[in-house]
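Chemist: starting from these lines, generate the structure:
(one chain, ligands or ions: 1)
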Amino acid sequence: MNHEIVQKPADTTANLHPLVRDRWSPRIYDPEHNLSMAELESIGEAFRWAPSSSNQQPWKLVLLTRGSELFESIASTGLTGFNQTWAPDASGLAVVLAAKTFEGKDRKMAETYFDVGLASSQLVTQVESMGLKAHFMGGIVPEKIREDLKVAEHEVVCVIALGKQGSILGKDEAIVSRETAPRTRNNSSDVYVIDSIL
Ligand SMILES: Cc1cc2nc3c(=O)[nH]c(=O)nc-3n(C[C@H](O)[C@H](O)[C@H](O)COP(=O)(O)O)c2cc1C
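Modeler: Purely as a prediction, here's the structure:
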């Protein structure tokens with residue numbers, strides 16, 4: 001095991017599939033790694049084949065690769081706070097968009113976000129299955145991203161950093177401490193019950 005590449009499997013004794021157990025949200029990415037066209041297509045297809053209410057598919061996805069004009073613009077001015085420091089090293093940024101209308105009528109956005117969340121989660125599981133990592137970011141500047149991508153009919157929901165996890169060696173304490181901090185969750189008894197009431 002390479003200890004410079006942090007691993008943070010879910011702390012549970014339950015028998016979880018490795019794609020679920022081992023997924024986590026790293027902030028250190030290998031700035032030399034590039035996504036291939038085949039990998040980008042798999043990521044896009046995983047998103048496209050997600051379930052949605054009445055199969056309305058109220059989503060779009062824009063995949064950007066490091067070095068492209070759009071990637072660099074969004075990485076430099078479309079992210080907020082700490083995201084601005086680490087996300088530019090990712091190999092790709094997936095911009096997740098939600099449709100505001102369906103067949104000319106306004107959509108119920110709560111339902112739309114549910115569908116978009118399912119598709120995004122499926123995308124992340126696909127990324128994990130490819131030996132890569134993904135990190136959701138809500139710390140974004142939606143107006144700037146909408147302007148860059150020229151999307152009027154859609155809302156920017158989040159951006160997902162994609163890439164090959166990088167080593168903590170030589171990285172600043174600010175990022176290493178976040179990277180090595182334990183993953184925590186609410187107690188299982190506070191989250192779910194079996195044959196009982198909450
Ligand atoms: C919708 C959404 C938005 C998030 N936004 C950010 C963000 O802007 N920056 C960040 O570093 N992490 C962000 N995260 C990552 C969460 O902090 C992370 O998923 C959570 O702490 C659990 O950690 P884990 O994914 O490693 O299990 C976001 C996650 C989600 C689902």
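
Chemist: what lines up beside the lengthiest strand in the chain in the sheet?
Modeler: Using DSSP state E, we find that the single longest strand of the chain is strand 154-163. Strand 154-163 sits in its sheet next to strand 92-99 (antiparallel), strand 133-137 (antiparallel), going by DSSP bridges.

Chemist: check the offset of the longest one from the chain's centre.
Modeler: Which is strand 92-99. Relative to the centre of its chain, strand 92-99 is centred 9 Å away, using CA atoms, centre = their mean, to the nearest Å.

Chemist: so for it, what's the average pLDDT?
Modeler: Averaging pLDDT along strand 92-99 gives 98.

Chemist: can you pull out the helices in the chain?
Modeler: Assigned by DSSP state H, the helices in the chain fall at 18-21, 37-48, 69-77, 83-86, 109-129, 142-149, 173-180, 188-191.

Chemist: buried set for the longest strand of the chain?
Modeler: For strand 154-163, the buried set under the neighbour-count rule, 16 or more other CB atoms under 10 Å, comprises His154, Glu155, Val156, Val157, Cys158, Val159, Ile160, Ala161, Leu162, Gly163. (C-beta placed from N, C-alpha, C; glycine too.)

Chemist: same question for stretch 93-110.
Modeler: Leu93, Ala94, Val95, Val96, Leu97, Ala98, Ala99, Arg107.
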